[in-house]
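>>> Quick one: sequence plus predicted model below, questions after.
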Amino acid sequence: MKNEILYYLQTEVSEGLEEDQIEAQDDLLGSGLVDSLGMMRLIQFIETKANLSIPPEDMTIDNFMTVAHICTYLESKY
């Protein structure tokens, strides 16, 4: 899932970035790579790809700060 999220971020949210410009440990919001609307689009993408519903109480910085955080969160759901 990590590679799918990184690819999505590079092609859909942070348009114009090269493939190696976003890494799993990059702070998505703090660095400006993703704005709040982009984060909502990312969550929708993840819900569709992972076939799960992410409750609002799980949409926290701890779970969605980086792609690595997102993957850890998703692993906890399976």
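Arrived safely, thanks for sending.
>>> List the contacts of Ala68.
Ala68 makes contacts with 2, 24-25, as judged by CB atoms under 8 Å, 6 or more residues apart in numbering. Just so you know, the C-beta spots here come from the backbone N, C-alpha and C atoms, and that holds for glycine as well.
>>> and the end-to-end length of stretch 23-35?
Taking CA to CA, to the nearest Å as the measure, stretch 23-35 stretches 17 Å from start to finish.
>>> Check what contacts it and list those residues.
With CB under 8 Å, 6+ apart as the criterion, stretch 23-35 contacts 2, 6, 9, 13-14, 17, 22, 36, 39, 42, 61, 64-68, 71.
>>> One more pass at 7 Å, please.
2, 6, 13-14, 22, 39, 42, 65-68 (CB atoms under 7 Å, 6 or more residues apart in numbering).
>>> Please indicate which of these are buried?
With neighbours counted by 16 or more other CB atoms under 10 Å, those contain buried members at 6, 13-14, 22, 39, 42, 65-67.
>>> export those to TSV and tack on secondary structure?
Listed next are the buried ones among the contacts of stretch 23-35 as TSV, based on DSSP: H, G, I helix; E, B strand; the rest coil:
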residue	secondary structure
Leu6	helix
Val13	helix
Ser14	coil
Ile22	coil
Met39	helix
Leu42	helix
Met65	coil
Thr66	coil
Val67	helix
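>>> Just name the closest of the residues you listed to Ile54, please.
Of all those, Ile54 sits closest to Leu42, with 10.5 Å by CB to CB.
>>> returning to that earlier point: confidence-wise, which of the buried ones among the contacts of stretch 23-35 comes last?
Among those, Ser14 has the lowest pLDDT, at 67.
>>> can you give me the offset of whichever strand or helix holds Lys49 from its chain's centre?
In the assignment (DSSP states H and E), Lys49 maps to helix 36-50. Distance of helix 36-50 from the chain centroid (CA atoms, centre = their mean, to the nearest Å) equals 7 Å.
>>> Which positions within it qualify as buried?
So helix 36-50, judged by 16+ other CB under 10 Å, has buried residues 38-39, 41-43, 45-46, 50.
>>> Let me know the closest of those residues to Glu57.
When those are compared against Glu57 (criterion: CB to CB), the nearest one is Ile43, at 13.0 Å.
>>> All good on my end, thank you.
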